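Participant: Sharing a sequence plus its predicted fold:
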Amino acid sequence: MNLRDSSLPLSRDAVDDPVAARADAHAADPVAPPQASAPAALRAMGQSHFHESARAQVAGSAHYIDDLPEVKGTLYAAPILSTVAHGTLNGVDASAALALPGVRSVVLAQDVPGDKTLAAFAHDEPVFAHSTVQHIGQVIGLVVADSVMQARRAARTVKLDITPLPAVLSVHDALKAQSYVLPPVFVRRGDAAQGLAQSAHRLQGAFEVGGQEHFYLEGQIAYALPLEQKQWWIYSSTQHPGEVQHWVAHALGIDNHAVKVECRRMGGGFGGKETQAGHMAVWAAVAANKLGRPVKLRLDRDEDFMVTGKRHPFAYEYDVGFDDTGRITGLKLQMAANCGFSADLSGPVADRAVFHADNAYYLSDVEIASYRCKTNTQSHTAFRGFGGPQGVIVIEAILGDIARALGRDAQDVRLANLYGKDAADGRNVTHYQMTVEDNILHELLPQLERNADYRRRQAEIAAWNAQQPVLKRGLAITPVKFGISFTATLFNQAGALVHVYTDGSVQVNHGGTEMGQGLHTKVAQIVADELGVPLHRVLVTASDTSKVPNASATAASSGTDLNGRAAQFAARNVRDNLASFVCGLDGCGAGAIRFEGGQVISPKTVRSFDDVVKEAYANRIQLWSDGFYRTPKIHYDKTTLTGRPFYYFSYGAACSEVVIDTLTGESRVVRVDILHDVGHSINPAIDIGQIEGGFVQGMGWLTTEQLVWNDQGVLATHAPSTYKIPATGDIPAHFQVALWPEANREDNVGGSKAVGEPPFMLAISVYEALRNAVAAGRRPGAPGASTDPVALTAPATAENVLRALGGL
């Protein structure tokens, strides 16, 4: 069945007619503004408008940091990198570098005027390595020169005197040595040991999933400009300008107010520029402070790989008990995260993995041990999903193994384990004590099953596999239930400014950042509807710490939820001012004034928005306002990992079909059907693009993107020649996306839901389909060939598929 023929309202093919597809998308909008909703044709929200920078990007006129005009006297920095995984740093000999043409200086730890330790949460990472080095690629200092290439060539001539020390290079070695960046965390509910002991069936298993390089198109970059009176202007490709501001001020020993950080857009972020963009800015600023000149630092791709952290690799061990239907009756789970040499964001990443170890399923008696392992590798960091994928994949793998052990269809086992619809069945409270109030998977999963013709295809694939000796196919449906909010409650706040100018044009500034995901576009749509003006009259400007202070990172999929709501409130304040002014002119109540289609409509007359603004200005009415929003209902005890850390859940499911070659281990994804929940979509085209992109990125994590460190701690896969992200040829010929039609049940902006991270986990359906194909390809007649757990290490490269088949 083609998804276009389903009863659902929108597929990728419907984007050409977004008004028809979503004409009544907001009819039951739970966030009703004071004025009546405008007709759908007049509204910006719910329609597939172009990304605000799309035309400029296609034309090559969209500016990234390396495109900005450089101030006269700008110098260029290149990093000096450790060549040893762990050792004592005895000295740095930069004499050869300083003798090269164009080289101005070498910057080391002693040149940091403020705190020589970065202002990170755990305060455990030096600005520049000084007494010890802790991974190959750790930055020891900078060479600063008149050109980029002069700096890079000179940096390679610096000689380092390092005495090697024993290095911990794997999560298993870290567990043995009890080497942790943060203490282990344990979460329990019920009695897992008793649940296991009383279970009708029991399985044990272990497997690993690898990390992932962010591979943003624009590498890490910062441009530091010293201003008058010890003030600074920092251009940073960052998801968190406020943190960059704080880190730079901390390193320079000055107040935050003396540092302005600006970011118009990033060429991709994916979490890799949440904290680690701060390193570039600090290094550039320290160099600029020493030389009294602007300094730009841009890592090349190899350096970016060697210096920056990745998605956290995880290793799992589990012991699960279950009944004859596959329902889990007891679970002990160990999750060990490879965090690298410092904590960075490993604590909240590992916490979110714990929170999502249930995915969509009720666990009555469960015990989870989470280890945050310290190794001598790059310090791993945020990546799309932020630990969620590493939590979701383990429970999906467990359910797949249960289904194989019982000879049941995995879809039936998953349905048997779902959280309940409501409190009546007693199965709607998570292991961290949050009540699941909005579970739509009991309807969504069967709908996708019908759309994808799952049962018929599963029977066809079984018949195919019985006849084909070499090529084996696999099919799987997996759901996602992803919590939306920062787990650190304090970050769930946002601010925005809305300025209406006397010509009726509107400028918006908010604390979020644009990395290609369409945040600025959605915020502009929200503000346009609030003021009733055409979308082209609204301009969203660069993220800037001197406009909106103390902004949270654009992360946790909450960019639109937080910043869109703050901007909506700011625009509403301006609208209320104008409505009060007009009602005074026309002698009516302010609630009777409507703003739509570029007009202000009262019971007596219709005026253009532009004319009302001019009149209001002449009568000294305020035409600008701030807006502030903080997420309601959430609370969380970080000591016990209990509470309501999430405002709501986003749901979805994917059905993926794969084929493997049992002789070579090669695999291909041949069909994907997705049904995803974004609430009432603010911009369907952007949301579908996020779903497609997130899925493909997740597919890369689980199939081709393999990070390999050798036994010396060298990252061997540090360039596109050795590290393989999905390309156009990897996209399945059949790739259909449909949106679930229901609005967010919580009071969120426009009735929408977050879309950035949840689709990433839909790609776990590819991993499960591959494991099903491997199970079909194992040697017939071998003990446990059809029932034993499939130990497939992710990513499922050709080598790893052959190992799982028993061929290596």
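Facilitator: Arrived safely.

Participant: I'd say residue 518 and residue 683 touch.
Facilitator: Yes. Using C-beta atoms under 8 Å, residue 518 is in contact with residue 683, at 6.4 Å. Glycine gets a C-beta too; all of them are placed from N, C-alpha and C.

Participant: isn't residue 807 right up against residue 665?
Facilitator: Yes. Counting by C-beta under 8 Å, residue 665 is a contact partner of residue 807 at 7.2 Å.

Participant: And residue 458, how far from residue 747?
Facilitator: With distances taken as C-beta to C-beta, to the nearest Å, residue 458 is found 40 Å from residue 747.

Participant: neighbour count winner among residue 807 and residue 665?
Facilitator: residue 665 (21 against 15; other C-beta atoms under 10 Å).

Participant: So residue 302, which state does it fall into?
Facilitator: Of the three states, residue 302 takes helix according to DSSP: H, G, I helix; E, B strand; the rest coil.

Participant: so it makes contact with residue 719?
Facilitator: Yes. Here residue 302 reaches residue 719: they are 5.5 Å apart, a contact under C-beta under 8 Å.

Participant: Can you give me every residue that contacts residue 197?
Facilitator: For residue 197, the contact set (C-beta atoms under 8 Å, 6 or more residues apart in numbering) comprises 321, 330.

Participant: again, but for residue 723
Facilitator: Shown in contact with residue 723 (C-beta under 8 Å, 6+ apart): 213, 215, 305, 705-707, 717.

Participant: same check, this time on residue 251
Facilitator: For residue 251, counting by C-beta under 8 Å, 6+ apart, the contacting residues are 112-115, 118-119, 127, 282, 285-286.

Participant: Most distant residue from the centre of this protein?
Facilitator: residue 587 (50.5 Å; C-alpha atoms, centre = their mean).

Participant: Toward the C-terminus, what is the element adjacent to the longest helix along the chain?
Facilitator: Ordering each helix of the chain by length in residues (DSSP state H) puts helix 565-586 first. Once helix 565-586 ends, the next helix or strand along the chain (criterion: DSSP states H and E) is strand 594-596.

Participant: Going toward the C-terminus from that following strand, what's the next helix or strand?
Facilitator: strand 599-601.

Participant: List the buried residues of the helix or strand that that following strand is followed by.
Facilitator: Of the helices and strands lying after strand 599-601 in sequence (DSSP H and E), the nearest is strand 606-608. The neighbour-count check on strand 606-608 (16 or more other C-beta atoms under 10 Å) flags residue 607 as buried.

Participant: by contact count, what packs against strand 606-608?
Facilitator: Using 3 or more C-beta pairs under 8 Å, 6 or more residues apart in numbering; DSSP states H and E, the elements in contact with strand 606-608 are strand 599-601.

Participant: Mind listing the strands the strand it packs on pairs with, and their directions?
Facilitator: strand 594-596 (antiparallel), strand 606-608 (antiparallel) (DSSP bridges).

Participant: what's next to it, contact-wise?
Facilitator: Residues contacting strand 599-601 (C-beta under 8 Å, 6+ apart): 532, 578-579, 582, 593-595, 606-609, 612.

Participant: Show me what stretch 605-621 is in contact with.
Facilitator: Residues contacting stretch 605-621 (C-beta under 8 Å, 6+ apart): 500-504, 531-533, 577-578, 581-582, 586, 595, 598-600, 623.

Participant: Report the mean confidence score over stretch 84-102.
Facilitator: Stretch 84-102 shows a mean pLDDT of 98.

Participant: Low-confidence ranges, the chain, go.
Facilitator: 1-37, 780-786 (pLDDT under 70).

Participant: Quick one: the helices in the stretch 651-800 of the chain, in order.
Facilitator: Ranges of helices within the stretch 651-800 of the chain are 684-703, 764-777, 798-805, based on DSSP state H, counting those that start in this stretch.

Participant: how about TSV for these, with distance to residue 269 and mean neighbour count added?
Facilitator: Listed next are the helices of the stretch 651-800 of the chain as TSV, based on distance: least, C-beta to C-beta, whole Å; neighbours: other C-beta atoms under 10 Å:
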stretch	distance to residue 269	mean neighbour count
helix 684-703	12	24
helix 764-777	22	28
helix 798-805	29	20
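
Participant: so which of those comes closest to residue 573?
Facilitator: Nearest to residue 573 among the helices of the stretch 651-800 of the chain is helix 684-703; the distance by C-beta to C-beta comes to 26.6 Å.

Participant: What is the burial count for residue 204?
Facilitator: 11.

Participant: thinking again about what came up before, separate out the buried members of the contacts of strand 599-601.
Facilitator: Judged by 16+ other C-beta under 10 Å, buried ones among the contacts of strand 599-601: 532, 578-579, 582, 593-595, 607, 609, 612.

Participant: Save those residues as TSV, and put in distance to residue 755 too.
Facilitator: What follows is those, written out as TSV (distance: C-beta to C-beta, whole Å):
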residue	distance to residue 755
532	26
578	32
579	32
582	37
593	33
594	30
595	27
607	37
609	30
612	35
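
Participant: Please identify which of those is nearest to residue 725.
Facilitator: residue 532 (43.1 Å).

Participant: Look up the closest residue to that closest one, ignoring the ones flanking it.
Facilitator: The shortest distance from residue 532 to any non-neighbouring residue, by C-beta to C-beta, 6 or more residues apart in numbering, is to residue 595 (3.0 Å).

Participant: what's the one you found in contact with, if anything?
Facilitator: Each residue near residue 595 by C-beta under 8 Å, 6+ apart is listed here: 35, 530-533, 575, 578-579, 601, 609.

Participant: same check, this time on residue 65
Facilitator: 218, 221-223, 235-237, 296, 298.

Participant: Most neighbours of all those residues, which one?
Facilitator: residue 236 (33 neighbours).

Participant: looking at it, that residue is touching residue 275, isn't it?
Facilitator: No. Using C-beta under 8 Å as the test, residue 236 is too far from residue 275 to be in contact (11.9 Å).
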